[in-house]
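1. Predicted coordinates and the sequence they were generated for:
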Amino acid sequence: MLTKVVLLILAIAFLPLVAAARAETPKRDGADETPSWIQESNKNAQILLKVFADFAPEQAGQLGVDGLDEMRTDLTPNYIQAMNAALSRAEDELKARLAKTTQPEVKEDLEILIKTCDDSIEGNNLQYKYMLNYVNVPRLVFFGIRALMDPQIPPERQQAVVKRIEAYGGENGNWQPITVQAKILFGQDLRRDENLLGPYKGEVEQDLEDARKFIDGGKALLAKSQVKGWEIPYGKLAGQLDDYVKWVRKDVLPHARESNLLPEPIYTNNLHQLGVDMDPRALMQEALFSYSEIQHQMDALAPLVAKEKGFESTDYRNVIRQLKKDQLTADDILPFYKKRLAQIEEIIRREHIVTLPDREMVIRMGSAAETAAIPAPHMQPPRLIGNTGQYGEFVLPANEGAAAGDNSQRMDDDTFDAAAWTLTAHEGRPGHELQFASMIEHGVSITRAVFAFNSANVEGWALYAEAEMQPYEPLDGQLITLQNRLLRAARAFLDPMLNLGMIKPAEALEFLQKEVVLSPAFAKEEVDRFTFRAPGQATSYYYGYHNLMEIRGEAQVKLGDEFNRQKFNDFVLSQGLLPPDLLKKAVETEFIPSQSGGDVAAGM
C-alpha cells in the first residue's frame, strides 16, 4: 500500500479527514485572536505542508490546504527521491528558522517539524533499500474520492471529484493513469534489484479480495451525491482498476513473499514512526508481565459477573463467551450505542472526569468499502486545519458476515451490551472524539495537531479514557474493559513476536481466540494488522497508555491532595498531540506549578 512506500504520510494516510479549508488554526474559545506563538508556528508549518501538497495532495487537502480538490498523487518513477529532496530543502529552512527563534513553544514545534523530516527521509530510504514498490491502487482511489464526498463539504466543491477521477484515469493529459504508474514503479524495482522483498502474500490476497468493495464503494458514493458527469470517467477508471487487479494477481502475487517477516531495521523504524521508542524485545517482556497482571484481575472479577448473571462457569473466558451470546440485532446497534454514549456522558459530568462540550457526538455505521479499508470500529477525525465547525465521527463497521449468515466472518466482539461501555469510551467520549474536538475548540498549532501526531500519543489517551471510565461501569462492563486491556498487552508482545519470527500467524490467531476470547474474524483482523496492514502499530496502545499513566503518577505524587483529575485531563487534551517527552515537560513546567499552593481541589 502507498503508506508503506511513503512513510512521510503514514500518520495521516489512515486518518480519513474531511476536505480542505484555509490552512490556519481556529481561534480559542473566548479569545480575540490566535496567540502570537501559534501564528508564528503555523507559518513554519506551511513549509512542510507544501511538501504534502506536492507529493500527497489528497491527504494535504484533507488536512486543510487549499486548491487541491482536483489533484491526485503522481507516482512518478523518481517519486521517493524527489520527495526526499523536497524534505531536505524543507528541513534546511526549518533549521534556519530554529536558529533565529526565541519563543520556547515555537522552538518545540520547529523541533517536531525537523524530526518529521528526518524520520520521513529515513523511512523512505529503508523502504527503497529493502522493498518492492507495491501500491494498493483501488484503496488509494477510493479514499481519494471519499475525501471529497464527505457530506460536510459543499456540493459545489464536491463537483471537483470529477476532475480528480479524470486525473486518476489519465484523461486530462497531465498524468498517466495511476494504474499504469503503479505498474511501472513495481517493474522498475524488479529490474533495479532482484533481492528486494515483495509484499506479504497474505496482504496481496486480502487486497485482491477487497478490490471489488473499493471499486463499487467509490461508485456508490458518487451515485448518492449531487455530483454531475461522473459516470463516464468513473466507468473508464473502474475498467482500469479491474485491469490492475488482474495484473496484481498475474504479476505481483508471484513475487509476494511467503513469510510476513520484515527486515528488522524496517520493523524497528515502524515502531519509531508510530511513537514507540523502545526496543521490541524489551517491550515484549514488559507487556508479558502486564498481560499476566490483567489476567489475575479478570480471574478475580469473572466469578462476580458469573454470580450476578447466573452463569455456571467462573472462568473469565467462559464468562465472556456467555456475555457475547446476547447479541444486538443489526438494526439495534446504532441506537444502542447512542444510548450508551448518553449514559457515559452522565457519568463523566457527575464524577468530574473531564470537561464535556454541550454539542452532541456523531455515531454512524460504516459502508462496506469503509469496513474493508478499516475493519475495526474507529474515529473518523475532523479537519484539523481551518476547521469551520466540523467534528469527528465514531464509525461502527458493517458486519457483513453476520448479515450473510457467515459465522467465520462474524465479529461478535462489540455488538453486545457489556462491550459498548469500553468501545464508546475509547472511540467516543472521553476518548478520541473528545481528543480531536478539544484541539478544534481550544486551538493548538498546526504542528501539534498534525505533525506531532503518532499512534502512541493518540491511542494512549483513548486507552487511558477506558481506564478512567472503568470504576463506574457495571461488573460485566468492567470485565470487558479488562479484556480490552488484556488485548492491548497481547498486541504489545504478539506484534513483535510475529515480526521477529518468534511465532507464526496461525499460532497468534489461535492464542487471540482462546486466551483473549476474540471472535475468529476479529482475531484474523488483528493478525492481519500485525503482519501487513500496519506492522508495529498495535504496540502503540500499550506503550502510549503506560507513558500517560507515568506522567499522571508523577503529577499526583508532586501535588498530593492538590491533584485535580478533571483539570489534569483537560490540560492533557489542551496540549494537542504532543509526543510523550514534550507532554511530560508541559505537565512538569506548566500544570504542576499552576496547581500547587492553592485550593485547586476544592469542591471535587
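-> It's in.

2. And the closest residue to residue 253 other than its chain neighbours, how close does it get to residue 476?
-> With CB to CB, 6 or more residues apart in numbering as the criterion, residue 253 has its nearest non-adjacent residue at 5.3 Å, and that residue is residue 204. Glycine gets a C-beta too; all of them are placed from N, C-alpha and C. For residue 204, the distance to residue 476 under the criterion CB to CB, to the nearest Å works out to 41 Å.

3. for residue 218, same thing?
-> Here the criterion is CB to CB. By it, residue 218 lies 41 Å from residue 476.

4. Mind checking which of those two has more residues around it?
-> Remark: of residue 218 and residue 476, residue 218 carries more neighbours, 27 against 24, as counted by other CB atoms under 10 Å.

5. For burial, what's the neighbour tally of residue 512?
-> Here the number of neighbours of residue 512 (other CB under 10 Å) works out to 24.

6. show me the contacts for it.
-> Applying CB atoms under 8 Å, 6 or more residues apart in numbering, we find residue 512 in contact with 487, 490, 494, 518, 522-523, 526-527.

7. do that again at 10 Å, thanks
-> 487, 490-491, 494, 518-520, 522-527, 530 (CB atoms under 10 Å, 6 or more residues apart in numbering).

8. was I right about residue 97 contacting residue 47?
-> Yes: between residue 97 and residue 47 there is a contact at 8.3 Å, judged by CB atoms under 10 Å.

9. what is in contact with these two at once?
-> 110, 113.

10. neighbours of the residue nearest to residue 253, just the number please.
-> Other residues close to residue 204 by other CB under 10 Å number 22.

11. Please apply the same query to residue 225.
-> Neighbour count for residue 225, taken as other CB under 10 Å: 18.

12. same deal with residue 187?
-> One way to gauge burial is a neighbour count; for residue 187, by other CB under 10 Å, it gives 14.

13. same thing with residue 36?
-> As a burial measure, the neighbour count of residue 36 was computed by other CB under 10 Å and equals 11.

14. again, but for the one 3 residues further on
-> By other CB under 10 Å, the residues close to residue 39 number 14.

15. and if you look at residue 202?
-> Residues within reach of residue 202, counting by other CB under 10 Å, total 20.

16. Please apply the same query to the one 3 residues further on.
-> Neighbours of residue 205 under the rule other CB under 10 Å: 15.

17. do the same with residue 474
-> Using other CB under 10 Å, residue 474 has 12 other residues around it.

18. So for residue 178, what's the nearest residue that isn't a sequence neighbour?
-> Among residues not flanking residue 178 along the chain, residue 168 sits closest, at 5.0 Å (CB to CB, 6+ apart).

19. Regarding that neighbour, what is its secondary structure?
-> Assigned with DSSP: H, G, I helix; E, B strand; the rest coil, residue 168 falls in the helix class.

20. Would you agree it is in contact with residue 215?
-> No: with the criterion set as CB under 10 Å, residue 168 and residue 215 do not qualify as a contacting pair; they are 11.9 Å apart.

21. Break the protein down into its structural domains.
-> Domain ranges of the chain: 37-130, 280-544, per automatic domain parsing.

22. okay, those in TSV with distance to residue 261 and mean pLDDT next?
-> Written out in TSV, the entries for the domains of the chain read as follows (distance: least, CB to CB, whole Å; pLDDT from 0 to 100):
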stretch	distance to residue 261	mean pLDDT
domain 37-130	11	93
domain 280-544	5	91
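
23. After the helix of greatest length in the chain, which helix or strand is next?
-> The longest helix of the chain (DSSP state H) is helix 280-309. Under the assignment DSSP states H and E, the closest C-terminal helix or strand after helix 280-309 is helix 316-324.

24. relative to helix 280-309, how tilted is that following helix?
-> Following axes from the mean of the first three to the mean of the last three CA atoms, to 10 degrees, one obtains 60 degrees for the angle between helix 316-324 and helix 280-309.

25. sorry, back to before: now for the residue nearest to residue 178, how many residues are close by?
-> For residue 168, the tally of surrounding residues (other CB under 10 Å) stands at 26.

26. so who does it touch?
-> When the contact criterion is CB under 10 Å, 6+ apart, the partners of residue 168 are 72-73, 137, 140-141, 144-145, 175, 177-179, 218, 233-234, 236-237, 240-241.

27. repeat that for 6 Å
-> Applying CB atoms under 6 Å, 6 or more residues apart in numbering, one finds that residue 168 lies in contact with 72, 141, 178, 237.

28. Which of these fall within helices?
-> Restricting those to those inside helices, with DSSP H as the criterion, leaves 141, 178, 237.

29. Columns secondary structure on top of the contacts of residue 512, output as JSON lines?
-> Putting these into JSON lines (three-state DSSP) gives the following:
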{"residue": "487", "secondary structure": "helix"}
{"residue": "490", "secondary structure": "helix"}
{"residue": "491", "secondary structure": "helix"}
{"residue": "494", "secondary structure": "helix"}
{"residue": "518", "secondary structure": "coil"}
{"residue": "519", "secondary structure": "coil"}
{"residue": "520", "secondary structure": "helix"}
{"residue": "522", "secondary structure": "helix"}
{"residue": "523", "secondary structure": "helix"}
{"residue": "524", "secondary structure": "helix"}
{"residue": "525", "secondary structure": "helix"}
{"residue": "526", "secondary structure": "helix"}
{"residue": "527", "secondary structure": "helix"}
{"residue": "530", "secondary structure": "helix"}
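
30. Filter the residues you listed down to the buried ones and express that as a PyMOL selection.
-> In PyMOL, this line selects whichever of the contacts of residue 512 come out buried by 16 or more other CB atoms under 10 Å:
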select buried, resi 487+490+491+494+518+519+520+522+523+524+525+526+527+530
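
31. I'd say residue 218 and residue 145 touch.
-> Yes: with contacts counted by CB atoms under 6 Å, residue 218 reaches residue 145, the gap being 4.7 Å.

32. Show the pLDDT at residue 266.
-> The predicted structure scores residue 266 at 95 on the pLDDT scale.

33. residues near it, how many?
-> Under the neighbour criterion other CB under 10 Å, residue 266 is assigned a count of 21.

34. for this structure, what spans make up the strands?
-> In order along the chain, the chain carries the following strands (DSSP state E): 362-365, 378-380, 393-396.

35. Quick one: those as CSV, columns for mean neighbour count and distance to residue 426 too.
-> Formatted as CSV, the entries for the strands of the chain read as follows, by neighbours: other CB atoms under 10 Å; distance: least, CB to CB, whole Å:
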stretch, mean neighbour count, distance to residue 426
strand 362-365, 16, 13
strand 378-380, 22, 9
strand 393-396, 22, 10
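
36. what's the closest of the ones you listed to residue 312?
-> Ranking the strands of the chain by their distance to residue 312 (criterion: CB to CB) puts strand 393-396 first, at 31.9 Å.

37. partners of the closest one, with directions?
-> Sheet partners assigned to strand 393-396 using DSSP bridges are listed as strand 362-365 (parallel), strand 378-380 (antiparallel).

38. What does the closest residue to residue 320 other than its chain neighbours show for phi and psi?
-> Distances taken as CB to CB, 6+ apart place residue 517 nearest to residue 320, at 4.4 Å, with adjacent residues excluded. Main-chain torsions, residue 517, degrees, to the nearest 10: phi 60, psi 40.

39. Over to residue 311?
-> Per-residue torsions, residue 311: phi -80, psi 150 (degrees, to the nearest 10).

40. Any idea how many residues pack against it?
-> 17.

41. was I right about it contacting residue 322?
-> Yes: with contacts defined as CB under 6 Å, residue 311 counts as touching residue 322 at a distance of 4.9 Å.

42. From residue 216, how far off is the residue lying closest to residue 183 once chain neighbours are set aside?
-> Leaving aside its sequence neighbours, residue 183 sits nearest to residue 247 (CB to CB, 6+ apart; 6.1 Å). To residue 216, residue 247 is 19 Å away according to CB to CB.
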